[in-house]
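Enquirer: Make a model of this:
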Amino acid sequence: MIEHYSLVEPAVAAFVCIPVLLLAALVAATRSAWRRQGSTREQATRVSAFVGVLGAAWMGVSWRLAATGVLQRWDRVPPPFALLLVAMVALAIVITVSPVGTGIARTIPLWMLVGVQAFRLPLELAMHAMAERGIMPPQMTYTGRNFDIVTGATAIVVAGMLLAGRAGRGLVLAWNVVGLALLLNVVIIAVASTPFFRLFGDNKLNVFVTYTPFVWLPAVMVLAALAGHLLIFRALSSAAGR
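Expert: Residues are numbered from 1 along each chain as shown. Below is the predicted model of the structure:
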């Protein structure tokens, strides 16, 4: 078990509020993409509502798996948490190559696709607060081996430069590659810190992500970050082909 915490604490609430906002952003982007591609208002509303229902279902399932203790079964091979991670990666890829991802990559302004990654800045601040409480291991924060806060902070700068017409495709591509690398870095650290590997020792285990609401860190926020990077690659590719 991990230390007692309350959902009304700002740092804990961030693990609920940010995922909900990310789902809302996906629904809004889907609706906008459908409208920009010539669909009627009713068609766009129907598709975006369907995406919202599927997203809410995924969030509900992952929450339930954590709440019932299924994800805390590290004695199983493979651990249920590992299957959750596989599903998360698969969903990120499905979103990217689906008609929804295609529409978003082709019609949503690039500065918006970059700017949404700024959610990683408040997330990293919340994660640091959880590490100070002893809820999550320190190696997963910016005071340890996780430098993903750089992606969140620079997303604001790069998005602003794009909006002002002062950034080109090369800068966005370089930023996206670095951001994806930093994301993979923290995912590797998180997996290596689980009870299955214990790379950083028994006193620095990553188990908090198997509890609510922290399960939405991998299930929603890492998923959104990964899908976001892949969508930016698609957007850059589409722009180059035009």
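Enquirer: could you list every residue that touches residue 82?
Expert: Residue 82 sits next to residue 196 when contact means Cβ atoms under 8 Å, 6 or more residues apart in numbering. Every residue, glycine included, has its C-beta placed from N, CA and C.
Enquirer: Does it lie in a helix or a strand, and which?
Expert: helix 80-97 (DSSP states H and E).
Enquirer: and that helix, which residues are buried?
Expert: Using 16 or more other Cβ atoms under 10 Å as the test for burial, helix 80-97 gives 80, 81, 82, 84, 85, 87, 88, 91, 92, 95, 96.
Enquirer: what helices or strands is the lowest-mean-pLDDT helix or strand in the chain leaning on?
Expert: Lowest on mean pLDDT, DSSP states H and E among the helices and strands of the chain sits helix 223-241, with a mean of 91. Judged by 3 or more Cβ pairs under 8 Å, 6 or more residues apart in numbering; DSSP states H and E, the packing partners of helix 223-241 are helix 10-36, helix 80-97, helix 99-107, helix 110-115, helix 169-192.
Enquirer: and the ones you listed, which is most packed in?
Expert: helix 110-115 (a mean of 21; mean count of other Cβ atoms under 10 Å).
Enquirer: which residues are contacting the next helix or strand after that one?
Expert: Next in sequence after helix 110-115, counting helices and strands by DSSP H and E, comes helix 120-132. Residues outside helix 120-132 that contact it (Cβ under 8 Å, 6+ apart) are 10-12, 14-15, 18, 136-138, 140-144, 146, 148-149, 151-153, 155-156, 208, 214, 217, 221, 225.
Enquirer: Restricted to helices, list those.
Expert: If you go by DSSP state H, these have 10-12, 14-15, 18, 149, 151-153, 155-156, 225 in helices.
Enquirer: Any stretches of this structure with poor pLDDT?
Expert: Within the chain, the stretches with pLDDT under 70 are 1, 240-242.
Enquirer: Roughly how far does the residue located most distally from the centre of it sit from residue 53?
Expert: In the chain, counting by Cα atoms, centre = their mean, residue 40 sits farthest out from the average C-alpha position, at 30.1 Å. For residue 40, the distance to residue 53 (Cβ to Cβ, to the nearest Å) stands at 20 Å.
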